[in-house]
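J.: Sequence and predicted structure below; questions after.
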Amino acid sequence: MLTLPQEVRRPLEQLRDQVHAAIERWLPGRRDHDEDQGEPSGALVRRVFGGPALDVEETDDTIIVRAELPGLRSNDFAVDATANRVTIRGEKGDEHEERGRGFHRMERRYGSFVRSIALPCEVEPDRATARYRDGVLTMTLPKTEASKARRIRVEVHGG
Amino acid sequence: MPEKTVPARTRSASAAQETTRAAERYVAPPVDIYEDDAGLVVLADLPGVEPKALDVKVEHGMLTIQGHAKHLAMGEPIEREHELTAYFRQFQLPEEVDPAGINADLKHGVLTLRLPRAERAKPRRIEVRAS
């Protein structure tokens, strides 16, 4: 794995973050109901930059974000949440740098990554909780009172 | 190590197979395969799989990795890039692997498989005697 010095890596990472943000702005994430919109921006970002796969779910009171981070320890990554965005960044060390002889396949990804995702509504980042288990990070972000109120259930009566 | 792209079925399994059942959706986990002094090492990313939901077997010289991620859907999906679902991948093992000595370890969603080389396949130094 190529390791760049910090003074080179830092600006490159900043550029990468900006490109991420730009892609998300141009191609807002596909929702379940608009199948024709083509590739979801998340998948595009991930294919180019190799960040973790994310799932976002919504319940009445919370937004749940799940990230696949296989092979990482909980101190290998950091999560930042704001009222409307979650950012996961980390670094996965190459565990077989020294034993790298006779490679048959190398499909798993190594190196640093960052993934940032816009949340569908406002949350209270101070009350967010995160859990890491079996290579999956699960974040639970409580909605603000205002975003809870926005969600209205409509009862549908069958005839 | 050649990969089987079509899941192989043993004769006994295919006899019991329900033909009407739709094939289950699965994801081929990314793997690293390299050699060390003892033999082959296979690393596979299986996020969300608990040890008890993982099935690794060697049958007729074929290594099968199969696992189910615990599906924890708690709400309505908003963004779904990677449905945490079933993993499946098969590789044809080289002849010189000792199937009895295979060791599997699952940690932080990564499976580490050690496939030791069979004794007879280990490199041996051949003494050359000067006459």
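T.: Sure, I can see it. Numbers count the residues shown, from 1 in each chain, chains lettered A, B, ... in the order given.

J.: which residues in the chain form strands?
T.: Looking at chain A here, since you left the chain open. Along chain A, the stretches classed as strands by DSSP state E are A:54-58, A:62-68, A:77-81, A:85-92, A:103-106, A:111-118, A:129-133, A:136-142.

J.: wait, I meant chain B there
T.: Along chain B, the segments classed as strands by DSSP E run B:3-4, B:26-27, B:31-35, B:39-45, B:49-59, B:62-69, B:76-80, B:86-92, B:103-107, B:110-116.

J.: In its sheet, which strands sit next to the longest one, and in what direction?
T.: When you say that, I think you mean strand B:49-59. Using DSSP bridges, the neighbouring strands of strand B:49-59 in the sheet come out as strand B:62-69 (antiparallel).

J.: Give me the distance from the partner strand to the chain's centre.
T.: Between the mean C-alpha point of strand B:62-69 and the mean C-alpha point of its chain there is a distance of 5 Å (C-alpha atoms, centre = their mean, to the nearest Å).

J.: what does stretch B:54-69 give?
T.: Between the mean C-alpha position of stretch B:54-69 and that of its chain there is a distance of 5 Å (C-alpha atoms, centre = their mean).

J.: Export only the CA atoms of it, formatted as CSV.
T.: Coordinates of each C-alpha in stretch B:54-69 appear next as CSV, following Å, rounded to 0.1, in the frame of the first residue of the first chain:
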residue,chain,number,x,y,z
LEU,B,54,-21.3,-18.8,9.2
ASP,B,55,-20.9,-22.1,7.4
VAL,B,56,-17.5,-23.0,6.0
LYS,B,57,-17.0,-26.4,4.4
VAL,B,58,-14.8,-28.4,2.2
GLU,B,59,-16.4,-31.0,0.0
HIS,B,60,-15.0,-32.7,-3.0
GLY,B,61,-12.0,-30.3,-3.0
MET,B,62,-14.4,-27.3,-3.0
LEU,B,63,-14.3,-24.6,-0.4
THR,B,64,-17.7,-23.1,0.3
ILE,B,65,-18.1,-19.9,2.4
GLN,B,66,-21.7,-19.2,3.3
GLY,B,67,-23.1,-16.8,5.9
HIS,B,68,-26.1,-14.9,6.8
ALA,B,69,-26.0,-11.4,8.2
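
J.: Mind listing residues that contact that stretch?
T.: Contacts made with stretch B:54-69 from outside it, assessed by C-beta atoms under 8 Å, 6 or more residues apart in numbering or on different chains, are listed as A:136, B:4, B:8, B:10, B:29, B:42, B:44, B:46-49, B:53, B:84-93, B:95, B:99, B:102, B:104, B:106, B:111, B:113, B:115. The way it works is simple: take the backbone N, C-alpha and C, and place the C-beta from them, glycine included.

J.: Could I have the buried ones of those as ChimeraX selection syntax?
T.: Command for ChimeraX, covering only those of those found buried under the criterion 16 or more other C-beta atoms under 10 Å in any protein chain shown:
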select /A:136 /B:29,42,44,46,47,48,49,53,84,86,87,88,89,90,91,93,102,106,111,113,115
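
J.: ok, back up a step: tell me the most buried of the strands of chain A?
T.: strand A:62-68 (a mean of 24; mean count of other C-beta atoms under 10 Å in any protein chain shown).

J.: who does that strand pair up with?
T.: With DSSP bridges as the test, strand A:62-68 is paired with strand A:54-58 (antiparallel), strand A:136-142 (antiparallel).

J.: Next, the angle strand A:77-81 makes with that strand.
T.: Angle between the axes of strand A:62-68 and strand A:77-81 is 160 degrees (criterion: axes from the mean of the first three to the mean of the last three C-alpha atoms, to 10 degrees).

J.: CA-only coordinates of strand A:62-68, as CSV, when you get a sec.
T.: Included here for strand A:62-68 are C-alpha records, laid out as CSV according to Å, rounded to 0.1, in the frame of the first residue of the first chain:
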residue,chain,number,x,y,z
THR,A,62,-35.0,8.0,15.2
ILE,A,63,-32.8,7.8,12.1
ILE,A,64,-30.7,4.7,12.0
VAL,A,65,-27.5,4.7,10.0
ARG,A,66,-25.6,1.4,9.5
ALA,A,67,-22.1,1.2,8.0
GLU,A,68,-20.2,-1.9,7.0
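
J.: Sounds good, over and out.
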